[in-house]
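Asker: quick one: sequence and predicted model below, then my questions.
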Amino acid sequence: MDTSSAAPHRLDPAGGCPHADNARLLARGSVAPVLMPGDIEGMAVLGHEALREFLAHPDVAKHARHFTALRGGRIAQGWPLMTFAAVRGMTTADGDDHRRLRSLVSRAFTARRVAQLRPRVEELTDSLLDDLVHAALSDGGAADLRRHFALPLPMRVISELLGVADHYRDRLHRLSSQVVATDIGPEQVIAANSGLVAVLDEIAAAKAAEPGNDLISALIAARDEDGDRLSRQELTGTLVLMIIAGHETTMNLVTNAVRALCGHPDQLDLVRRGQAGWDDVVEETLRWDAPVSYFPFRYPVRDLTVDGTVIPQGTPVLAGYSAAGRDPAVYGADADRFDVTRPGRSGTPRHLSLGHGAHYCLGAPLARLEAGIALERLFTRFPDLELAVAEDELIRHASFVGNSVRTLPVRPRP
């Protein structure tokens, strides 16, 4: 069905739960015209099979030089999605540039390297569960699992990999959360982006003066040894990507999984009885409530027809991961049901929430490791863990990019 002439769906800058809108849009077709902040027109690819095709299509690019409205000067300063388009790094690079930038960091995320991180992730998890108990005891028996557990675990792991000192982490998270927000004004956008770059430049300068056995030091060495391998802007852009993607998505994944299990105790029982594993919980959460809802941007380098809908050359396209995860054309009439025993389809990815094709998430093995350990140890230590507020009282993340809630008050009962 060609939906390119349909009235565009206005994305809510304040975010909110995406699933009702996704279902309405999917009922009309796999591709939908959308209006982003500033009335910038774009498209969203929502259907699972359409998105899988689009993500790997050879005529789809990531570099912002293909963004017609940006190239034509129609994007205002302080546009909340500008970082996703303009940051210099592997997420906005194509072809040889993408392979060059990805190769500089890929060794830190191989299956072997990630497996070596398991003892440290387990150690951090146990320590943070202690912190969760202390927070609950000091606040009437409830604590914010997102603040005390889902956030600090991936933030500490990625910081240690990069070589970021402890005292930078709160600032980096605060600025990162503003960079991925879609409901803030131009002045806040500019301040958040300049602030994040300034902190990362400060960290890089300190590492240049005193290198260590960490990823930032290795990237600086690559920049200094041969400027063709990594420019200064690419170094900063790579760090922006590593910090944001390295903790925001895993934080949302753990938060969403805990919500799902607390809301579906029958599914938790299946895991406890050995009828499903914690890896199944992680994968079903990625499908059912993807940590990223709409990810910016890709651009067709020519007019492209996707599932019968024409996407004009230079259109900014959002990857609709949360919609694709509940596409009934792939997952059936019960696509909205959280089911940890849901089988994968032969020859088809179980979900697309970590991407597909050349830009598949480099940190996927680490995210899976962190989430699996976090959930297993959390529910083993607190088998009667429950939400401290009703699900419908939880306030959603202020972004249509990230998909989660702002806080998750729980009662960690042993």
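Answerer: Structure received.
Asker: ok, which stretches of the stretch 101-250 of the chain are helices?
Answerer: Taking DSSP state H, counting those that start in this stretch as the test, the helices found in the stretch 101-250 of the chain are 111-116, 118-137, 145, 152-162, 169-179, 186-209, 215-225, 232-263.
Asker: my bad, the stretch 251-400 of the chain
Answerer: Using DSSP H, counting those that start in this stretch, helices in the stretch 251-400 of the chain cover 265-272, 278-288, 321-324, 328-331, 364-381.
Asker: ok, which of the ones you listed comes nearest Gly38?
Answerer: helix 321-324 (22.5 Å; C-beta to C-beta). Glycine gets a C-beta too; all of them are placed from N, C-alpha and C.
Asker: now for the closest one, which elements pack on it?
Answerer: Other helices and strands packing on helix 321-324, by 3 or more C-beta pairs under 8 Å, 6 or more residues apart in numbering; DSSP states H and E, are helix 19-28, helix 48-55, strand 294-300.
Asker: now do the contacts for the closest residue to Leu268 other than its chain neighbours.
Answerer: Nearest non-adjacent residue to Leu268, counting by C-beta to C-beta, 6 or more residues apart in numbering: Leu261, 4.6 Å away. By C-beta atoms under 8 Å, 6 or more residues apart in numbering, the residues touching Leu261 are Gln267, Leu268, Val281, Leu375, Phe379.
Asker: now do 7 Å
Answerer: By C-beta atoms under 7 Å, 6 or more residues apart in numbering, the contact list for Leu261 reads Gln267, Leu268, Val281, Phe379.
Asker: burial count for the third one?
Answerer: Applying other C-beta atoms under 10 Å, we find 25 other residues in the vicinity of Val281.
Asker: got the phi/psi numbers for the closest residue to it other than its chain neighbours?
Answerer: Nearest residue to Val281, sequence neighbours excluded (C-beta to C-beta, 6+ apart): Val340, at 5.3 Å. Dihedral angles of Val340 (phi, psi; degrees, to the nearest 10) stand at phi -70, psi -10.
Asker: quick one: Pro412 and Pro383 touch, right?
Answerer: No. The criterion here is C-beta atoms under 7 Å, and Pro412 misses it with Pro383 at 10.5 Å.
Asker: more neighbours: these two, which one.
Answerer: Using other C-beta under 10 Å as the criterion, Pro412 and Pro383 rank with Pro412 on top: 23 against 11.
Asker: on that earlier part again, just among the contacts of Leu261, which is most surrounded?
Answerer: Val281 (25 neighbours).
Asker: picking that back up, ok, so of the contacts of Leu261, who is nearest Glu123?
Answerer: Phe379 (18.4 Å).
Asker: just to revisit the earlier point, for the helices of the stretch 101-250 of the chain, which one sits closest to Val87?
Answerer: helix 232-263 (4.5 Å).
Asker: in that closest one, what counts as buried?
Answerer: Within helix 232-263, the residues that count as buried by 16 or more other C-beta atoms under 10 Å are 234-262.
Asker: quick one: that helix to helix 278-288, angle?
Answerer: Interaxial angle of helix 232-263 relative to helix 278-288 (axes from the mean of the first three to the mean of the last three C-alpha atoms, to 10 degrees): 100 degrees.
Asker: I'd like the average pLDDT over helix 232-263.
Answerer: Average pLDDT, helix 232-263: 94.
Asker: got it, and stretch 371-386?
Answerer: Per-residue scores along stretch 371-386 average to 97.
Asker: keeping just the C-alphas, turn that stretch into CSV.
Answerer: Taking C-alpha atoms only, stretch 371-386 is exported to CSV below (Å, rounded to 0.1, in the frame of the first residue of the first chain):
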residue,chain,number,x,y,z
ALA,A,371,21.1,-7.5,30.7
GLY,A,372,21.1,-11.3,31.2
ILE,A,373,23.3,-11.1,34.3
ALA,A,374,21.4,-8.2,35.7
LEU,A,375,18.0,-9.9,35.4
GLU,A,376,19.2,-13.3,36.7
ARG,A,377,20.9,-11.9,39.7
LEU,A,378,18.1,-9.4,40.5
PHE,A,379,15.3,-11.9,40.5
THR,A,380,17.4,-14.6,42.2
ARG,A,381,18.2,-12.2,45.1
PHE,A,382,14.7,-10.7,45.2
PRO,A,383,12.2,-13.4,44.0
ASP,A,384,9.3,-11.3,45.2
LEU,A,385,10.4,-8.1,43.5
GLU,A,386,7.4,-6.0,42.7
